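> Predicted structure and sequence below. I'll ask about it afterward.
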Amino acid sequence: MEKRIIGRGLLAGAIGGLLAFLFARVFAEPAIQQAVDYESGRHEAQEALDRAAGLAAAAHEHDVFSRAVQGNVGIGVALVFFGAAMGALFAVAYALCLGRAGRIRPRNLALLVAGGGFLGMYAVPFLKYPANPPAIGRDETIQQRGTFYLLMVAASVLFLVLAAWLGKRLQPRFGTWNAALIAGGVFIAAAAIVMLVLPSPGEMGEPLGRATETPQPLTDANGQIVFPGFPADVLYRFRLYSIGAQLLLWGAIGLIFAPMAERLLAPRRAAQTTINA
C-alpha cells in the first residue's frame, strides 16, 4: 500500500512541477531576464570604473548553458524533478498521517497535508529568506545562505509536526477549534523565535553598513551615480511569481493526489466498515 501511495505522490508532484514550470516560464522568466540584464550592465559599469582607476578588470565567468537553455529546458527539468521529489515527501507524510489524523476522508487529508507542505517547506522559510533573482546576494555568502535556509526549512517542518501533535493531544480537553488555535499560536511563536535568532541575508559576509543584499546604486570616486540600484519592481514581481509557482505546485499535488487517494483507500474503508458492522 505504501508503495502505491508514494507512486501516486510522485505522479502528482511531477504534474504539479510541470504546471509550475509553465507558470514560471510565462510570468517569472521575464523578471529573471531583467535581473540578468541588470547584472550584466552593472558588471560593465564596474569594469569601466576599475579601468578609470587603473585597476585590473575582473575575469569573466562564462555560463555553461545559454540563457535560452536555462530559461526553458533547465528550469523545466528542474521543476519537474523538484515537483516529483516534493510529491514523494508529501506521499510519505500522507502515509504517516493515515490512521493518526482521526476520521478524515482520504481526499480531505490530502488537501491538509499539501497545505502543510506549502506552509512548512516554503511559505514560512520564505518570510525569513525570500527567493531572489540573479544579481541579488553576494557570491561569498552562497554557502552561508544555503545553510541557514535549510535550517529554517528544517525548523519550520519540525514545528509544524510538533504543532499537529500538540493539537491532537489538546483536542480532548479543549475541543478541536481551541486546540487548533493553541497549536497554531505555538507554531507561530516558535517560528518567530527562530527567525529572530537566524541572521538576515544582508548581515552575512563582509559588513556593508546595511542589512540588505539588494545592490545599491554604483557610484564613482566623486559620489556620482553611474549605475542605478536594483529595480524594486523587478524584485517584487520575481518574489510574487515565486510564491505563485510554489502555490500552484503544492495545490496541484493536493488536488491531483486527493481523488487518487480516495479511489485507493475508499474500498478498504468500506471493507473495514462492513467488518466492524
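It's in. Numbers count the residues shown, from 1 in each chain.
> and residue 28, how many neighbours does it have?
Residue 28: 24 surrounding residues under other CB atoms under 10 Å. Where C-beta positions appear, they are placed from N, C-alpha and C, glycine not excepted.
> Once you drop chain neighbours, what's closest to it?
residue 241 (4.0 Å; CB to CB, 6 or more residues apart in numbering).
> Sticking with that neighbour, tell me its helix or strand.
helix 232-276 (DSSP states H and E).
> For that helix, name the packing helices and strands.
Helix 232-276 is packed against helix 2-23, helix 29-52, helix 75-97, helix 106-118, with contacts defined by 3 or more CB pairs under 8 Å, 6 or more residues apart in numbering; DSSP states H and E.
> just flag whichever of these has the lowest average confidence.
Ranked on mean pLDDT, the bottom entry among the helices and strands packed on helix 232-276 is helix 29-52, at a mean of 90.
> other SSEs contacting it?
strand 218-219, strand 225-227, helix 232-276.
> May I see the buried residues of it?
Buried positions in helix 29-52, judged by neighbour count with 16 or more other CB atoms under 10 Å: 29, 31, 32, 34, 35, 36, 38, 39, 42, 43, 46.
> What of stretch 129-140?
Using 16+ other CB under 10 Å as the test for burial, stretch 129-140 gives 129, 131, 132, 133, 134, 135, 136, 137, 138.
> out of those residues, who's nearest residue 20?
Checking the buried residues of stretch 129-140 against residue 20 with CB to CB, the nearest one is residue 131 at 12.8 Å.
> tell me which element the closest one is part of?
For residue 131, there is no helix or strand it lies in under DSSP H and E.
> what's near enough to touch it?
238, 239, 242 (CB atoms under 8 Å, 6 or more residues apart in numbering).
> Can you check which of the helices and strands packed on helix 29-52 gets nearest to residue 171?
Among the helices and strands packed on helix 29-52, helix 232-276 sits nearest to residue 171 (CB to CB), with 21.6 Å.
> about what we covered before: quick check, nearest of the buried residues of stretch 129-140 to residue 12?
residue 131 (22.9 Å).
> Look up the pLDDT of the closest one for me, please.
Residue 131 is given a pLDDT of 92.
> Any figure for the gap between it and residue 42?
Shown here: residue 131 relative to residue 42, a distance of 20 Å by CB to CB, to the nearest Å.
> between the helices and strands packed on helix 232-276, which one is nearest to residue 250?
Among the helices and strands packed on helix 232-276, the nearest to residue 250 by CB to CB is helix 106-118 (3.7 Å).
> Now do that closest one against helix 232-276, angle only.
Interaxial angle of helix 106-118 relative to helix 232-276 (axes from the mean of the first three to the mean of the last three CA atoms, to 10 degrees): 150 degrees.
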